[in-house]
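# The amino acid sequence is not available; the structure is as follows:
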């Protein structure tokens, strides 16, 4: 699987997909999770090789993934806002503290990553995290 994965173009795996919160309702997850498009792309790459010979399948999957992730990010945001509002004031404070701790941990992990792994955008990422 690792050698096959290396055949995927960078922009296919470069964008982050949303992480679904544990309590997030399953019915809010989009019905189309791009399984068909992914299978079509995988089949094409298996038959034709890992290079960009699967332009149509690649474009279909990327479009589907972007649409799916956009919808999912939107649903998660709406759900998270309501979830937070429904918490007691004490629980809201704990929630904020948890987010602050998570941001600090992620900053530390990011600073420890080799620049070659993170890329040249590490300073931009750190500045953005510092502003949040």
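On my side now, so go ahead. This one's a predicted model, so the numbers in the text were calculated from it and none came from an experiment.
# Phi first, then psi, for residue 113.
When read as degrees, to the nearest 10, the backbone of residue 113 gives phi -80, psi 140.
# Just the pLDDT at it, thanks.
As summarised for this prediction, residue 113 has a pLDDT of 73.
# Also residue 100?
92.
# which other helices and strands contact whichever helix or strand it is part of?
Taking DSSP states H and E as the criterion, residue 100 maps to helix 89-112. Other helices and strands packing on helix 89-112, by 3 or more Cβ pairs under 8 Å, 6 or more residues apart in numbering; DSSP states H and E, are helix 122-131. Every residue, glycine included, has its C-beta placed from N, CA and C.
# and the spatially most central residue of the chain, helix, strand or coil?
The centroid of the chain falls nearest to residue 17 when counting by Cα atoms, centre = their mean (1.9 Å). Secondary structure for residue 17, judged by DSSP: H, G, I helix; E, B strand; the rest coil, is coil.
# Could you tell me how far it is located from residue 74?
Residue 17 is 14 Å from residue 74, where distance means Cβ to Cβ, to the nearest Å.
# got it, and residue 23?
18 Å.
# Equivalent analysis for residue 31, please.
15 Å.
# and if you look at residue 103?
22 Å.
# Please apply the same query to residue 24.
13 Å.
# Could you do residue 81 as well?
In terms of Cβ to Cβ, residue 81 sits 11 Å off from residue 74.
# in the biggest helix by length in the chain, what counts as buried?
Assignment by DSSP state H gives helix 55-86 as the longest helix of the chain. By neighbour count on 16 or more other Cβ atoms under 10 Å, the buried set for helix 55-86 is 57-58, 60-62, 64-65, 68-69, 72, 75-76, 79.
# The residue nearest to the centre of the chain reaches residue 66, doesn't it?
No: checked against Cβ atoms under 8 Å, the pair residue 17 and residue 66 is beyond contact range at 10.0 Å.
# Residue 41 touches residue 58, doesn't it?
Yes: in this structure, residue 41 is within contact of residue 58 by Cβ under 8 Å, at 6.0 Å.
# Which helix or strand in the protein has the lowest average pLDDT?
None of the helices or strands of the chain scores lower by mean pLDDT, DSSP states H and E than helix 2-5, at a mean of 38.
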